[in-house]
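Visitor: My questions are about this predicted structure, shown below with the sequence.
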Amino acid sequence: MSVPLLLDNISTVIVRLVKLTLQPDKIDDFMQLFHEVRNTIAAFDGCHRVELLQDTERPFVFFTYSIWENEHYLNQYRFSEFFKQTWARTKPLFAQKAEAWSVHLVDRATATGF
């Protein structure tokens, strides 16, 4: 049995998750860099939000969580000069290669009173 897509009006929205494993002694450098660039990222056409998450068990593992209007806008950002410059500053802080996923929101529930 097929489950209908409940969020047809946002089916093109892209959620981008990027896992960043940092060198432990580079966390402060990364936090400062993210603070410098976060508003510029959020101001890109088609970006609805960008957030930084930190693993609860491994404080040197971070995730960026961003929401984009569609793949076109995400790619405009990914291939921008700003992204290239930011990535060049970020890569030396890694302990491992970054991992990234682009996913579609399929369904959601929100707790009342939250």
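Guide: Noted; the coordinates are in hand.
Visitor: what mean pLDDT would you report for whichever helix in the chain runs longest?
Guide: Ranked by number of residues, the top helix in the chain under DSSP state H is helix 27-42. Computed over helix 27-42, the mean pLDDT rounds to 98.
Visitor: got the contact list for that helix?
Guide: Outside helix 27-42, the residues that touch it by C-beta atoms under 8 Å, 6 or more residues apart in numbering are 20, 22, 47, 49-50, 52, 59-60, 62, 66, 77, 82, 86, 89-90, 93. Placement of C-beta: from N, CA and C, glycine included.
Visitor: can you tell me which of the residues you listed are in helices?
Guide: Checked against DSSP H, those include these in helices: Y77, F82, T86, R89, T90.
Visitor: Drop anything exposed from these.
Guide: For the ones in helices among the contacts of helix 27-42, a neighbour count by 16 or more other C-beta atoms under 10 Å gives the buried set as Y77, T86, T90.
Visitor: Quick one: list the elements packing against the host helix or strand of W101.
Guide: Here W101, judged by DSSP states H and E, is contained in strand 99-104. With contacts taken as 3 or more C-beta pairs under 8 Å, 6 or more residues apart in numbering; DSSP states H and E, strand 99-104 sits against strand 14-21.
Visitor: Can I get the strand it packs on in PDB, CA atoms only?
Guide: This file holds the C-alpha atoms of strand 14-21, laid out as PDB (Å, rounded to 0.1, in the frame of the first residue of the first chain):
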ATOM      1  CA  ILE A  14      15.700  20.100   0.300                       C
ATOM      2  CA  VAL A  15      17.100  19.400   3.700                       C
ATOM      3  CA  ARG A  16      20.900  19.300   3.600                       C
ATOM      4  CA  LEU A  17      22.800  17.500   6.300                       C
ATOM      5  CA  VAL A  18      26.600  17.700   6.500                       C
ATOM      6  CA  LYS A  19      28.600  15.700   9.000                       C
ATOM      7  CA  LEU A  20      31.800  17.400  10.000                       C
ATOM      8  CA  THR A  21      34.400  15.500  12.100                       C
END
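Visitor: starting at the chain centroid, how far to it?
Guide: Centre-to-centre, strand 14-21 and its host chain are 4 Å apart (C-alpha atoms, centre = their mean, to the nearest Å).
Visitor: quick one: buried residues of it?
Guide: Burial within strand 14-21, assessed by neighbour count using 16+ other C-beta under 10 Å, is assigned to I14, V15, R16, K19, L20, T21.
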